[in-house]
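Q: from the sequence below, what's the structure:
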Amino acid sequence: MSRYFLLHLQKHKILFLVVLFVSLPVYAQDLANELVIAMPFGPSVKAVDPAKGYNGWYTNEAGVTETLFILDFDLNLAPWLAESYKNVTPLAWEIKLKQGVRFHDNSSFDATAVKWTFDRITDKNSPVFNKRLHGLLDIKKITVLGKHTILFETNRPNGSFLYNL
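A: Next up, the predicted model:
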């Protein structure tokens, strides 16, 4: 590249940053009561429902949603919204959920909400059916055992089940 081109490009970068920083406070005031998610990639479908398309991944990456499990810094699976888990049988996973967690609308995070979430993405008749997750999770049945305890049963043994949750 020519020296002229690089200098010209550098001037445009500086001008862009100046305009951005000058206009940011005004823009922020206009959005005082709105949640804005800005990512260099975006929802895979128009509705930002985390259950549609790859939106769950996008909203999780943006810190808007959370999962039952995460990978820690050593890439080990760790409970996140889950408190603990137990592989009851080769086909059944009992998960205890953290207590005191609330959704954005102040409703309670509990086993019924988790069941509803997974039912809607694994039901073939649901408008947000996720074929990929349906295959990865291979859920046979979900049972609410208590307010903060849920049992997932799979059709066959699935060593990556918790990771896929």
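
Q: when you work out contacts or count neighbours from here on, use the C-alpha atoms and nothing else.
A: OK.

Q: how about low-confidence regions in the chain?
A: 1-32, 36-64 (pLDDT under 70).

Q: give me the residues contacting the host helix or strand of residue 143.
A: Applying DSSP states H and E as the criterion places residue 143 in strand 139-146. Contacts to strand 139-146, defined as Cα atoms under 8 Å, 6 or more residues apart in numbering, come from residues 111, 112, 115, 122, 150, 151, 152, 153, 154, 155.

Q: can you tell me which of these comes closest to residue 96?
A: Distance to residue 96, by Cα to Cα, is smallest for residue 150 among those, at 6.6 Å.

Q: beta partners for residue 71?
A: Judged by DSSP bridges, the bridge partners of residue 71 are residue 77.

Q: please report how far it lies from residue 164.
A: In this view, residue 71 and residue 164 are 11 Å apart by Cα to Cα, to the nearest Å.

Q: next one: residue 109
A: 20 Å.

Q: tell me which of those two has more neighbours.
A: A count of neighbours by other Cα atoms under 10 Å puts residue 109 above the other of residue 109 and residue 164, at 18 against 13.
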